[in-house]
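# Here is a sequence together with a model predicted from it:
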Amino acid sequence: MNLEQAVVLIKPDGLQRGLVGEIISRFEQKGLKLAAMKMTYLNDTLLDEWYAHHKDKPFFPQLKSFMQKSPVVAMLWEGIECVDAVRKLTGITKSRAAEAGSIRGDLGMSQQLNLIHASDSVAMADKERDLIFKPEEIFHYQKDIELFIYSEAERA
Ligand code: CMP
């Protein structure tokens, strides 16, 4: 079973707009497994590391300030080829152009206030997981419904 994990953050706009439950439901209904979840503030040091690849972009200072406007909800989702599945559910960066049916496409209009962050590769997911979760905050448990989510061959 080629299991992957992906980090999702519900950004301050998602929290403020009361979309936490709706967003979590999208991932639950897809059949992904929740391995960790918490509310937290993102400090300067963490954001510098998190968005290191954006540090020279003109929007970087604004992005950091936006991400600190309120707590975020951080989650770790797990499944087969989970990173790609989560990105498809998330939709492209610019919410108003995102595909209908995706979280951003259905619920948002902004490029910066785009409701959630999703890991864009397995390597980034590993980095983000280690930045935001302590090992004891990550849960390993049996989810019997997976017998009806993946085929026997996929689970082997
Ligand atoms: P995300 O893809 O999660 O990670 C980088 C974030 O930077 C992105 O979501 C947006 O919130 C923000 N962002 C990306 N491009 C722009 C832009 N052109 N102007 C403002 N914010 C942006």
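Great, that's in hand.
# count of neighbours near the nearest residue to residue 92 once chain neighbours are set aside?
Excluding the flanking residues, the one nearest residue 92 by CB to CB, 6 or more residues apart in numbering is residue 98, at 4.9 Å. Any C-beta I mention is one placed from the backbone N, CA and C, and that applies to glycine too. As a burial measure, residue 98 scores 22 neighbours (other CB atoms under 10 Å).
# contacting residues for residue 98?
Listed by CB atoms under 8 Å, 6 or more residues apart in numbering, the contact set of residue 98 reads 91, 92, 104, 105, 108, 114.
# let's see it at 6 Å
By CB atoms under 6 Å, 6 or more residues apart in numbering, the residues touching residue 98 are 91, 92, 104, 105.
# thinking the third one is in contact with residue 95, fair?
Yes: counting by CB atoms under 6 Å, residue 104 sits close enough to residue 95 to count as a contact (4.0 Å).
# overlap in contacts of these two?
Common neighbours of residue 104 and residue 95, counting by CB under 6 Å, 6+ apart, are residue 114.
# Of the contacts of residue 98, select the buried ones using a ChimeraX command.
Remark: buried members of the contacts of residue 98, expressed as a ChimeraX selection using 16 or more other CB atoms under 10 Å:
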select :91,104,105
